[in-house]
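Trainee: Take this sequence and fold it.
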Amino acid sequence: SEFMFVLVDRKGDQETIKTEHKVELDATVNIHPTAIIHPTAQIHPSVVIGPYTIIGQDVILEENVKIGSYCNIEFSVIKKNTRIFNNACIGLLPQDIRHRGEKSQVVIGENCIIREFVTIHRGTVSKLTSVGKSCYLMAYAHIAHDCRVGNEVTITNCGTLAGHVEIEDGVNVGGLVAIHQYSKVGKLSMLGGGAMVSKDVPPFVMVVGDRAELRGVNIVGMRRKGFSRDKIKEIKAAYKKLFRSKMPLSEAILKIKQEKNISEEIKYMIDFIENSKRGICRIARSRYRI
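Mentor: Have a look, this model is predicted:
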C-alpha cells in the first residue's frame, strides 16, 4: 500500500507518533491514529489532523494548519495558520470533461478558515486553483477548477463559483450565490444572497437578483477597509455617472476620463469595465434615475 499507517502510544491527551515515514515528522505531531497519510505528503510538526482524514498525494501542510475529521485533501498546498473543519474536500479531481489526468493543484493562503463540507477542486487548463490569505469560506461553499480567489474574501454558505471565476480582494459573496464560469468580480464588491451572477461585477458595488443587477455602492465594505468619506463620495459620483445617467456607458467613461485629478480607484474602476470580456452587471432599466 502507498499509504502510511501509524502506531500511537497514548499518555494522557498527548499522542506520540512512531513511524518510518519518508518525510521526517517530529514526535509531537498531533495526527489522529485513524488518519491516512500518503508517503509524498510534507507535514510540519505543528500540524493537527483529525480522525479519519485522508492526506493524499503531493500535499504540503505548513505551520499550525489544523484539519478536522473526515477531510480528503490531495495535490494541495495549505499555508500556515489555516483551519479546515470537518468533511472538507480539497484538491480532488475537477468537474471538467476536458480534464485528462494532467497534474495540477490547489494553493490556499495563510490564515484562512474553511468550514464544513467546502469543496475546492484543482485546476485543469491553468493547472491551478488558488485561494488568497485570510479568506473565510463558510459551509458548503464550492470553488471550481481554475478559479482565482483574492485575499480577505468571504464566501457565505452554499456560495458557488463555476470554473475560471476570478474574485478580487475584499469581496463578500452572499449565501446561495452562483457565479457563471469565466466571470470576474471586482474588489470590495458585495454579492447579495441568492444572486445569479452571469456577467462581470464592477469593483466597489453591490449586486442582487436573478440575473444580478447593480444596487448601489458598497459603502459598508469601503468603510471597513478605511476609505475616507471623500473617497467614498468620489466613487459614488462616478457610479452615478456610469450607471444612473442616461448617457451610454462609453460616453460616461469618456466624460470621466476627461476630468482632472482622477483617483486611482476611479481609474481602476474604468479599466475594469473597459477590459471586461463578458460584459458587466447593469441597473435594470426600470431603476434608472437621473
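
Trainee: Okay, strands next: where are they in the stretch 151-290 of the chain?
Mentor: Per DSSP state E, counting those that start in this stretch, the stretch 151-290 of the chain has strands spanning 154-155, 160-161, 166-167, 172-173, 178-179, 184-185, 190-191, 196-197, 205-208, 213-217. These are given in chain order.

Trainee: Apart from its chain neighbours, what residue comes closest to V208?
Mentor: The spatial neighbour of V208 that comes closest, neighbours along the chain excluded (C-beta to C-beta, 6 or more residues apart in numbering), is G192 at 3.6 Å. Heads up, the C-betas are built off the backbone N, CA and C, glycines and all.

Trainee: Quick one: residues contacting the one you found.
Mentor: Taking C-beta atoms under 8 Å, 6 or more residues apart in numbering as the definition of contact, the neighbours of G192 are 174, 177, 206-209, 215.

Trainee: Look up how far S183 lies from it.
Mentor: Relative to S183, G192 is positioned 16 Å away (criterion: C-beta to C-beta, to the nearest Å).

Trainee: before we move on, what about P33?
Mentor: With C-beta to C-beta as the criterion, P33 and S183 are 44 Å apart.

Trainee: ok, these two, which is more surrounded?
Mentor: Applying other C-beta atoms under 10 Å to P33 and S183 shows that S183 carries more neighbours, namely 24 against 12.

Trainee: what's the more buried one sitting at in phi/psi?
Mentor: Torsion angles at S183 (phi, psi; degrees, to the nearest 10) stand at phi -80, psi 160.

Trainee: So it is in contact with M196, correct?
Mentor: No: with contact taken as C-beta atoms under 8 Å, S183 and M196 are classed as non-touching, separated by 10.8 Å.

Trainee: can you pull the contacts of the closest residue to C71 other than its chain neighbours?
Mentor: Computed as C-beta to C-beta, 6+ apart, the closest residue to C71 that is not its neighbour in sequence is T53, at 4.4 Å. For T53, the residues meeting the contact criterion (C-beta under 8 Å, 6+ apart) are 32, 35-36, 67-73.

Trainee: What residues of stretch 64-77 count as buried?
Mentor: Applying a neighbour-count criterion of 16 or more other C-beta atoms under 10 Å, one finds 64-68, 70-77 buried in stretch 64-77.

Trainee: quick one: contacts for T160?
Mentor: Taking C-beta under 8 Å, 6+ apart as the criterion, T160 is in contact with 141-142, 144, 177-179.

Trainee: Determine the number of other residues adjacent to the nearest residue to S276 once chain neighbours are set aside.
Mentor: Leaving aside its chain neighbours, S276 sits nearest to D200 (4.5 Å; criterion: C-beta to C-beta, 6+ apart). By other C-beta under 10 Å, 21 other residues sit near D200.

Trainee: just the one 5 residues further on next, same as before
Mentor: When counting by other C-beta under 10 Å, one arrives at 25 neighbours for V205.

Trainee: Adjust the sequence numbering to begin at 480 for everything that follows.
Mentor: Shifting the count to begin at 480 puts that one at V684.
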